[in-house]
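A.B. asks: Based on what follows, work out the 3D shape:
(chains A and B)
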Number of protein chains: 2
Amino acid sequence: MSDVPTRTVFFISDGTGITAETLGHSLLAQFPEARFRQMRVPFVDDIDKAIDCATQIREAAREDGVRPLVFSTLVNPDTVAALRKADALFMDLFERFIGPLEVELGQRSTHAVGRFHGVAESNDYKRRIEAINFALAHDDGVSSNGELEEADVVLVGVSRSGKTPTSLYLAMQFGVKAANYPLIPEDFERNRLPGELHKYRGKLFGLTIAPERLSQIRQERRPNSRYASLDNCRYEIEAAQKLMRRENIRWLDSTTKSIEEISATILQTVRLDRPGY
Amino acid sequence: MSDVPTRTVFFISDGTGITAETLGHSLLAQFPEARFRQMRVPFVDDIDKAIDCATQIREAAREDGVRPLVFSTLVNPDTVAALRKADALFMDLFERFIGPLEVELGQRSTHAVGRFHGVAESNDYKRRIEAINFALAHDDGVSSNGELEEADVVLVGVSRSGKTPTSLYLAMQFGVKAANYPLIPEDFERNRLPGELHKYRGKLFGLTIAPERLSQIRQERRPNSRYASLDNCRYEIEAAQKLMRRENIRWLDSTTKSIEEISATILQTVRLDRPGY
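C.D. replies: Numbers count the residues shown, from 1 in each chain, chains lettered A, B, ... in the order given. Got it, this is the predicted structure:
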């Protein structure tokens, strides 16, 4: 690998740069052998900043000995022109797609700089923030009577099966209100769902995980505890799956899945009663 | 507006669809007058699913009376071909950029389906999950002695200025470990930073917010309380800004900013000592 040159990749935007970075990461993942150094350059909203960027690109080219890759979502043509004075492989996301969209929609685009401007006031955004607050307030079985009425989905599973990060991702990315509820040994002994969960069976979604992986995760948290022991993890997982099967709860195995994959699967399965989901 | 036809937009992917959706949202935001109904179709990883998708596209075209827009990140050429049998404006993100990247890098892409496959085992992903756990464990001033040593950034600000969602976003999107610490009236009376914060001045970043907006947010939480009153919000904000100014803490006004914008600004300002940030 030592003879593979490191290539600098720039994510350049007049806004946060998150769109450029998301697409860039997806594309670069198709080249696992290549070596990249990544630079995020957000808020490039005037020509001076674009000229600075062009300088950075030239410096990176000189250091690496190969020209950089640039993923950009700049909207202003003058800014784009200033940037393009540097030599790089430019992948301009807006340039490629805005034209065809204008033709198709029979409308000019606004060329509004910074896709997030005004977002903070939008209803979509407020829904996401509310959903984050909801997830935090209804984490780990914290729910008073009737509060789950408001939940779009209620995740269940043994401790450390991935419920909390998934709830937060569902909220943050999709504005989905996700509560989560642990399944604990007491529930298995009584052989029934905890709390009020039976009332919300249609909203329940289970997460399970390989006992070996669970034990490993729990070891990091409480080394050498009964809680983390492989035997106990095997028992809990088996009992939880039995309970979920009996209660007809849909579930997935989170062992090798990212929170993005888990969340997309949940949305697809639960088919939330809302346009777009 | 009533004569603007609603147009169906599909986000189609062999993975989660999040890349297609992120870019699609950015592009559609450039057409605020248009009306869209959005459909996410993830995990289209075989020809049968692509044929189903094509059927959905045809049905949407019939219902809307206009052909749909399709943002896709499909990798497999056979799946792409099956999808393209429907009539739509296809914006194929990989098709547009993979070719130029292959030429530039002098490598074939792997054409690996589902960009997240294997992600759950990667170090980047583990860092993000660790950062989420860190943010949750160090939310709202919960930090034992020395624990902030591990933080990449420590957000400070009055209650409800946006610290918690921002900490979580920094963790989830960027794998940055963000703790957060409220500034409360006791701190203003003593006129010094709470807890051990003075030890970590280089990591501190402040959030402020317009008193009117703060009062509105707090009203939703505790209606008609002194906590939510405009007078009290004015006092707290002024005192917090004075404290931050005196302690030389960098800060921004979160009033009209999204958590994406706040996070991107923090990363840019704090210039975390790590490649890519």
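A.B. asks: what does the stretch 151-277 of chain A put close to chain B?
C.D. replies: Taking CB under 8 Å from any CB of the partner chain as the test, the list of the stretch 151-277 of chain A residues beside chain B reads A:164-165, A:168-169, A:172-173, A:255-261, A:263-265, A:267-268, A:275-277. Heads up, the C-betas are built off the backbone N, CA and C, glycines and all.
A.B. asks: Can I get the buried part of those as one ChimeraX selection?
C.D. replies: With 16 or more other CB atoms under 10 Å in any protein chain shown as the burial test, the buried ones among those are selected in ChimeraX as follows:
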select /A:164,165,168,169,172,173,255,257,258,259,260,261,263,264,265,267,268,277
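A.B. asks: Of the residues of the stretch 151-277 of chain A next to chain B, which belong to strands?
C.D. replies: The members of these all map outside strands under DSSP state E.
A.B. asks: where in the stretch 1-150 of chain A is pLDDT low?
C.D. replies: A:1-3, A:113-121 (pLDDT under 70).
A.B. asks: residue contacts, the nearest residue to residue A:84 once chain neighbours are set aside?
C.D. replies: In space, residue A:84 comes closest to residue A:90 once its chain neighbours are excluded; the distance is 6.3 Å by CB to CB, 6 or more residues apart in numbering or on different chains. When contacts are counted by CB atoms under 8 Å, 6 or more residues apart in numbering or on different chains, residue A:90 touches A:70, A:72, A:83, A:84.
A.B. asks: Near the nearest residue to residue A:241 once chain neighbours are set aside, how many other residues are there?
C.D. replies: Nearest residue to residue A:241 in three dimensions, chain neighbours excluded: residue A:208, at 5.8 Å (CB to CB, 6+ apart). When neighbours are defined as other CB atoms under 10 Å in any protein chain shown, residue A:208 has 23 of them.
A.B. asks: does residue A:208 really touch residue A:157, like I thought?
C.D. replies: Yes - using CB atoms under 8 Å, residue A:208 is in contact with residue A:157, at 6.2 Å.
A.B. asks: Show me whatever sits in contact with both of the two.
C.D. replies: Listed as contacting both residue A:208 and residue A:157 by CB under 8 Å, 6+ apart are A:240, A:251, A:254.
A.B. asks: neighbours around the first one, how many?
C.D. replies: If I follow you right, that is residue A:240. For residue A:240, the count of nearby residues is 26 (other CB under 10 Å).
A.B. asks: Confirm that it sits in a strand.
C.D. replies: No - assigned with DSSP: H, G, I helix; E, B strand; the rest coil, residue A:240 falls outside any strand and is helix.
A.B. asks: show me the contacts for it.
C.D. replies: A:157, A:158, A:183, A:188, A:206, A:208.
A.B. asks: Among the residues of the stretch 151-277 of chain A next to chain B, which lie within helices?
C.D. replies: Secondary structure defined by DSSP state H assigns A:164-165, A:168-169, A:172-173, A:259-261, A:263-265, A:267-268 of these to helices.
A.B. asks: can you give me the helices in the stretch 1-150 of chain A?
C.D. replies: Under the criterion DSSP state H, counting those that start in this stretch, helices of the stretch 1-150 of chain A are mapped to A:18-28, A:47-64, A:77-83, A:93-105, A:123-137.
A.B. asks: Please identify which of those is closest to residue B:233.
C.D. replies: Each of the helices of the stretch 1-150 of chain A was checked against residue B:233 via CB to CB, and the shortest separation belongs to helix A:123-137, namely 18.2 Å.
A.B. asks: Counting by contacts, list what the closest one packs against.
C.D. replies: Packing contacts for helix A:123-137, counted by 3 or more CB pairs under 8 Å, 6 or more residues apart in numbering or on different chains; DSSP states H and E, involve helix A:163-174, strand A:178-182, helix B:163-174.
A.B. asks: so what strands line up beside the host helix or strand of residue A:252?
C.D. replies: Under the criterion DSSP states H and E, the helix or strand holding residue A:252 is strand A:250-253. Sheet neighbours of strand A:250-253, with direction, are listed as strand A:204-208 (parallel) (DSSP bridges).
A.B. asks: can you list the domain ranges for chain A.
C.D. replies: Described in terms of automatic domain parsing, the domain architecture of chain A consists of the residue ranges A:6-105, A:121-270.
A.B. asks: Could you dump those into JSON lines and include distance to residue B:54?
C.D. replies: Supplementary listing: those in JSON lines, determined by distance: least, CB to CB, whole Å:
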{"stretch": "domain A:6-105", "distance to residue B:54": "18"}
{"stretch": "domain A:121-270", "distance to residue B:54": "18"}
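A.B. asks: which one of those lies closest to residue B:130?
C.D. replies: domain A:121-270 (9.3 Å).
A.B. asks: Return the distance of that closest one from the chain's centre.
C.D. replies: Relative to the mean C-alpha coordinate of its chain, domain A:121-270 is positioned 17 Å out (CA atoms, centre = their mean, to the nearest Å).
A.B. asks: Likewise for stretch A:49-68?
C.D. replies: A distance of 30 Å separates the C-alpha centroid of stretch A:49-68 from that of its chain, computed with CA atoms, centre = their mean.
A.B. asks: List the buried residues in that stretch.
C.D. replies: In stretch A:49-68, the ones that count as buried by 16+ other CB under 10 Å are A:49, A:50, A:53, A:54, A:56, A:57, A:58, A:60, A:61, A:66, A:67, A:68.
A.B. asks: Return that stretch as PDB; C-alpha atoms alone will do.
C.D. replies: Once non-C-alpha atoms are left out, stretch A:49-68 reads as follows in PDB (Å, rounded to 0.1, in the frame of the first residue of the first chain):
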ATOM      1  CA  LYS A  49     -13.400  32.500   0.300                       C
ATOM      2  CA  ALA A  50     -13.500  30.700  -3.000                       C
ATOM      3  CA  ILE A  51     -10.100  32.200  -3.900                       C
ATOM      4  CA  ASP A  52      -8.700  31.000  -0.600                       C
ATOM      5  CA  CYS A  53     -10.100  27.500  -1.300                       C
ATOM      6  CA  ALA A  54      -8.400  27.500  -4.700                       C
ATOM      7  CA  THR A  55      -5.200  28.300  -3.000                       C
ATOM      8  CA  GLN A  56      -5.700  25.400  -0.500                       C
ATOM      9  CA  ILE A  57      -6.400  23.100  -3.500                       C
ATOM     10  CA  ARG A  58      -3.200  24.100  -5.200                       C
ATOM     11  CA  GLU A  59      -1.200  23.500  -2.000                       C
ATOM     12  CA  ALA A  60      -2.700  20.100  -1.500                       C
ATOM     13  CA  ALA A  61      -1.900  19.200  -5.100                       C
ATOM     14  CA  ARG A  62       1.700  20.200  -4.600                       C
ATOM     15  CA  GLU A  63       2.000  18.300  -1.300                       C
ATOM     16  CA  ASP A  64       0.400  15.100  -2.600                       C
ATOM     17  CA  GLY A  65       1.900  15.100  -6.100                       C
ATOM     18  CA  VAL A  66      -1.600  14.400  -7.500                       C
ATOM     19  CA  ARG A  67      -4.500  16.700  -8.100                       C
ATOM     20  CA  PRO A  68      -7.200  16.800  -5.400                       C
END
